[in-house]
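Asks: no FASTA, just this:
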């Protein structure tokens, strides 16, 4: 197996892994109980899935056509920087809009920091 074929295989494997991570993030979005935990699935695993897929495409084009795609590198950087920040901002807006935690949640650590008082445990 030549170096080019090994690089193509590595790229395809990264793309496949990204696809599997994307499917797992969908299961997280379906199964998790509230907006806060769903956001965790949406931002962490979806970001990983997109990054693996873009990295796989970059590696594949690098070894199959000796082409360095600056667009793919910029896409990797853009997703890596913006997806977690966007998830954080969305969850912060949900918290400030008083979206309830799931019933199985045991603690709200942010309540005391924002309101300066301890929250009563209703469980």
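Replies: Right, received. Where do you want to start? This one's a predicted model, so the numbers in the text were calculated from it and none came from an experiment.
Asks: mind checking how far residue 35 is from residue 51?
Replies: Distance of residue 35 to residue 51, given as C-beta to C-beta, to the nearest Å: 24 Å. To be clear about C-beta, it is placed using only N, CA and C from the backbone, and glycine gets the same treatment.
Asks: and if you look at residue 80?
Replies: Note on residue 80: its distance to residue 51, by C-beta to C-beta, is 6 Å.
Asks: same deal with residue 32?
Replies: 21 Å.
Asks: Check residue 8 too.
Replies: Distance from residue 8 to residue 51, by C-beta to C-beta: 19 Å.
Asks: Next: residue 66.
Replies: Look at residue 66 and residue 51: by C-beta to C-beta, they are 23 Å apart.
Asks: Which of the two has more residues huddled nearby?
Replies: Under the neighbour definition other C-beta atoms under 10 Å, residue 66 and residue 51 were set side by side, and residue 51 has more, 19 against 8.
Asks: got a list of what that one touches?
Replies: Applying C-beta atoms under 8 Å, 6 or more residues apart in numbering to residue 51 gives the contacts 18, 76, 79, 80.
Asks: What of residue 56?
Replies: Contacts for residue 56 (C-beta under 8 Å, 6+ apart) come out as 10, 11, 12, 13, 14, 15, 16, 17, 18.
Asks: residues touching the second one, list them.
Replies: By C-beta under 8 Å, 6+ apart, the contact set of residue 11 is 56, 57, 58, 59, 60, 61, 62, 63, 64.
Asks: So which of those residues belong to helices?
Replies: Under the assignment DSSP state H, the contacts of residue 11 contribute 56, 57, 58, 59, 60, 61, 62, 63, 64 to helices.
Asks: That's all I had, so thanks and see you.
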